[in-house]
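A.B. asks: Could you work out the structure for the sequence below:
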Amino acid sequence: MDLRLGKKIALVTGSSKGIGAGIARGLAREGATVIVHGRDFDKARVVAKQIADEGGTAHVVTGDLIDDEQVDAMLRQVRNVAGDVEILVNNAGGSGGASDWSTTAPEAWAASYDANVLAAVRMAKALLPAMRRKRWGRIINISSLAGLMPPARNPDYSAAKAAMLAMSTSMAKAVAAEGVTVNTVSPGTIHSEKLDGKFREVAESKGLAQDASWGEVEAAILPLFAQVPVGRVGTLDEIADAVAFLASPRAAYITGSNIRLDGGMLPTT
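C.D. replies: You can find the predicted model right below:
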């Protein structure tokens, strides 16, 4: 299926590693010009080089999305290298730090809200005017299964990701008649570099050989972390494919939706 993303300009925040990097590579494979963003220029440049090596087009911008001045400077970089952004993927975020209900602090909640929700709001508010003028745009906010099925730990993160779901629905309704769609993707357990390292660390502690294949590690350790009905973790390519479809002209009638990529983890009843 041709997603017709050729010549589209896409900005993926927090794309110097992990899920964001996977999304950036996926959009580039579909023909979009991708702007790789991160706080570390060298790490972002590695992702941009990977895209170029695969025949895609990528630029690098840097900036901390909780700092208004840095956001303004970053957006000037974006316009200088690529022009108006047509596809915005708000992937940057994270937790204010590991905590539970005995140690959680209001400051951590404020930090998580700023890094996840307000970072996305800053980007959308800045880029929506051009999308509305052109009557075409795509905003995809990366939430988390934690926003729908919160664990006992890190409540600040779960609350922030749940807020992103409500924010996306409101924004979608506000711009639906102007050719701009707004959707959310909520990943579950995904095979990132960070997850791979954690699984292998636990596997070694359980006596699994250091050179065990990923399939062996996954089969032994996944049940200790999550009960995934499909029996495996998701891949970065699967996240990227879902985002690329939502970013495409073919998804013009999908807005205000939340796409779960969780292997069936969330109970439906």
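A.B. asks: from here on, contacts and neighbour counts on C-alpha atoms
C.D. replies: Will do.
A.B. asks: do you know how far residue 250 is from residue 150?
C.D. replies: 32 Å (CA to CA, to the nearest Å).
A.B. asks: Equivalent analysis for residue 47, please.
C.D. replies: Distance from residue 47 to residue 150, by CA to CA: 31 Å.
A.B. asks: So for the two, which sits in the more crowded spot?
C.D. replies: The neighbour comparison of residue 47 against residue 150 (other CA atoms under 10 Å) goes to residue 47, with 24 against 17.
A.B. asks: so what's the more buried one up against?
C.D. replies: Counting by CA atoms under 8 Å, 6 or more residues apart in numbering, residue 47 touches 15, 16, 17, 21, 25, 36.
A.B. asks: Counting neighbours, which of the residues you listed comes out on top?
C.D. replies: residue 36 (32 neighbours).
A.B. asks: list the contacts for the residue nearest to that one when sequence neighbours are not counted?
C.D. replies: Among residues not flanking residue 36 along the chain, residue 60 sits closest, at 4.9 Å (CA to CA, 6 or more residues apart in numbering). The contact partners of residue 60, by CA under 8 Å, 6+ apart, come to 35, 36, 37, 41, 44, 45, 48.
A.B. asks: Am I right that the second one is in contact with residue 58?
C.D. replies: Yes: assessed by CA atoms under 8 Å, residue 36 is found in contact with residue 58 at 6.7 Å.
A.B. asks: intersection of neighbour lists for those two?
C.D. replies: residue 48.
A.B. asks: How many residues are close by the residue nearest to residue 7 when sequence neighbours are not counted?
C.D. replies: Leaving aside its sequence neighbours, residue 7 sits nearest to residue 32 (CA to CA, 6+ apart; 5.5 Å). Look at residue 32: counted by other CA under 10 Å, it has 28 neighbours.
A.B. asks: The one 10 residues further on now?
C.D. replies: A count of nearby residues for residue 42, using other CA under 10 Å, gives 13.
A.B. asks: In what element of secondary structure is it found?
C.D. replies: Assessed by DSSP states H and E, residue 42 sits inside helix 41-53.
A.B. asks: So what are the sheet partners of the helix or strand following that helix and their directions?
C.D. replies: Next helix or strand after helix 41-53 toward the C-terminus (DSSP H and E): strand 57-62. Strand 57-62 has the following strand partners under DSSP bridges: strand 33-38 (parallel).
A.B. asks: So what touches the partner strand?
C.D. replies: Strand 33-38 is contacted by residues 6-16, 21, 24, 27-28, 44-45, 47-48, 56-64, 78 when judged by CA under 8 Å, 6+ apart.
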